Every structure is written in structure tokens, then in C-alpha cells.
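Trainee: Predicted model and sequence follow; I will ask about them next.
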Amino acid sequence: MMSCSRGSTAHWNYFSRHPLRVRRKRGVLPSSSEMPGIQFLPFSILLGILGILCVGLTGFWSQHWLGGFAWDGSSEMFNWHPVFMVTGMLVLYGSAALVYRVPLSWEGPKLPWKLLHAGLTLTAFLLVILGLVAVFEFHNKKKIPNMYSLHSWLGLTAVVLFSCQWLMGFASFLLPWAPIWLRALYKPIHVFFGSAILSVVMAACISGINEKLFFRLTNSTTPYSNLPAEAWFANILGLLILIYGLLVLWALAMSAWKRPDANSQDIQEPLLQEGR
């Protein structure tokens, strides 16, 4: 009786500590690899449509209302700034953050997904550099002060954090010299700042849209307060950017969409060791 009681107590303690794991083993709940398979596909399609809309509507606003595009230091050169920033810092960065939520990435070697994640973030970084060049060249040519608005402070904060995030991620997870304890220590920090940076990016995009509208419509014949067509369009664009970013953050927070046992492989196998 004593041994039986102890066994039951030990079994109950394990169940209380790992209820989800025990129920999955007994078949009460589906495994994590089964849960998001059907749900993630329509979600990713919706997110892709929203991302395309954010980029497309930003380009349309720049072309239709802001005068089009050029690369000569004019206001048309500035118009590349919102397009590059929304494409790189919002859409590509958000897509890169969700690479490891794709169910296909849960099995087999992780090397292709690491390369895809690094490639998307590197492409985003290059677009961000072009976007910064566009705005600084325009400001310098027109003798407009740099870095005076809240939008510029938020944007630069996002760019600096994003640059540090990429460099630290590359050094920690893709190269072999980082010790295991360092990768284990840095991984939750890397994950946290991935979501934090995207939040700052959303704030920078929305404040940038609002700032541009105030500059353009404050002294116009149809002021911003009367909500002309351009104001309606840009406000809707801001809402779409917010929705896109919040959906990415929601997907990152979904525990059922996280790669099973990702910690051990991430921490122990950097890129150059996986490729051998």
C-alpha cells in the first residue's frame, strides 16, 4: 500500500507539473505539430495580403499625392523613404520573425530556415539604409534640420536596435565560436527584442504618416481637420500597418505555433557546424 501510494503521488506530481505533455501522450490533446497546421496557412495568407497592401498603398500614396519618385535630393527622393521603411522594417522584418512559426520548419534540418531568416532580415536592413539615405539627402539639400521630431527618434531607435539585433543574432546563432552558455543566455533576449523592435517600428510608421499629413494639409485649402481624400487614405494605411504588426506579434505569442524543442537545436548547433 505504501509503494502504491508513493507511485500514485509521484505520478500525480508529474501530471501537475506537465499536464499538457501527459495529456498529449495519452491522446487527449493533439500534438503541437498538428494544432496549427490548418490554422497557420489561412493566417499566413491573410498576413501576406495585408503586407502587400501596406507596401502597395504606401507606394500609391507617394505616387498619387506626393509627386512620384526620383533620386536627386528632391521631395520625390524623400518619397522612397516611407516605401523602403514599410517594406523593410515592417513587412520583411515581420515575415522574418515568423519563419520559425511555419510548420514545415519544425522537422528536418534547420539550416535552410536559418538562412531564410538571416536573408530576409539582411534584405530589410539594406532597404532601411536606402530609406535613411533618401530622407537625409532630402533634408540636407533643402536645409531641413535632421532628427528633431518624435517620429525621427522612434525611427532611429528602431534602426539601431534592429542593427544590433541582426549582428548579435548572426554572431550568436550562425557562427561557431559563441559558447553554448552565451547562446542559451541570449536567445530569450533575442526573442524579446524581436517583438519590441516591431512595436517601435509600428509607432514610427504611424507617427511618420501623421507628421507628413500635418505638414502637407495644415495650410492647404482643405485642412487635415476636414479629412480630405488623402487624409482618409493615409489614416487607413496607418490602421493597416497597425493591424499587420499586431497580427505578427499575436502569432509570435502563440505557444502552439512555436517550433517544438527549438531551444536545444538553436543553442547547440550554429550554422557552420550544421553545414559540416
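Mentor: Done, it's in.
Trainee: And the helices in the stretch 51-200 of the chain?
Mentor: 75-78, 80-85, 93-97, 111-141, 150-169, 180-217 (DSSP state H, counting those that start in this stretch).
Trainee: Switch the ones you listed over to TSV; also include mean neighbour count and distance to P223.
Mentor: No exception for glycine: its C-beta is placed from N, CA and C like everyone else's. Shown next, in TSV, are those (neighbours: other C-beta atoms under 10 Å; distance: least, C-beta to C-beta, whole Å):
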stretch	mean neighbour count	distance to P223
helix 75-78	18	20
helix 80-85	23	22
helix 93-97	23	34
helix 111-141	18	24
helix 150-169	17	20
helix 180-217	17	6
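Trainee: Tell me which of the ones you listed lies nearest to S225.
Mentor: helix 180-217 (8.6 Å; C-beta to C-beta).
Trainee: For V55, which non-adjacent residue is closest in space?
Mentor: T87 (5.1 Å; C-beta to C-beta, 6 or more residues apart in numbering).
Trainee: sorry, back to before: can I get the helices of the stretch 51-200 of the chain in TSV with mean pLDDT and distance to R259?
Mentor: TSV is the format used below for the helices of the stretch 51-200 of the chain (pLDDT from 0 to 100; distance: least, C-beta to C-beta, whole Å):
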stretch	mean pLDDT	distance to R259
helix 75-78	96	40
helix 80-85	98	29
helix 93-97	95	13
helix 111-141	94	9
helix 150-169	95	16
helix 180-217	93	12
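Trainee: closest one to F40 among those helices?
Mentor: helix 93-97 (13.5 Å).
Trainee: mind listing what the residue nearest to K141 when sequence neighbours are not counted touches?
Mentor: Spatial nearest neighbour of K141, excluding adjacent residues (C-beta to C-beta, 6+ apart): G73 at 3.7 Å. Listed by C-beta atoms under 8 Å, 6 or more residues apart in numbering, the contact partners of G73 are 137-138, 140-142.
Trainee: quick one: pLDDT of G73?
Mentor: On the pLDDT scale, G73 is placed at 93.
Trainee: where does it fall, phi/psi-wise?
Mentor: Main-chain dihedrals, G73, degrees, to the nearest 10: phi 80, psi 0.
Trainee: And it, how far from L126?
Mentor: Distance, G73 to L126, using C-beta to C-beta, to the nearest Å: 21 Å.
Trainee: can you count the residues close to A253?
Mentor: 10 (other C-beta atoms under 10 Å).
Trainee: what's the answer for the one 4 residues further on, then?
Mentor: Using other C-beta under 10 Å, W257 has 22 other residues around it.
Trainee: contact partners of the helix or strand encompassing L242?
Mentor: Taking DSSP states H and E as the criterion, L242 maps to helix 229-253. The contact list for helix 229-253 (C-beta under 8 Å, 6+ apart) reads 43, 46-47, 50-51, 53-54, 57-58, 61, 65, 86, 90-91, 94, 97-98, 101, 191, 194-195, 198-199, 201-202, 205-206, 209-210, 212-213, 216-217, 224, 227, 257.
Trainee: still on that earlier bit, distance to G169 added to the contacts of G73, as a markdown table?
Mentor: Listed next are the contacts of G73 as a markdown table, based on distance: C-beta to C-beta, whole Å:
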| residue | distance to G169 |
| --- | --- |
| E137 | 30 |
| F138 | 31 |
| N140 | 32 |
| K141 | 36 |
| K142 | 37 |
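Trainee: Now flag whichever of the residues you listed is closest to H81.
Mentor: Of these, the one sitting nearest to H81 (C-beta to C-beta) turns out to be F138, at 7.7 Å.
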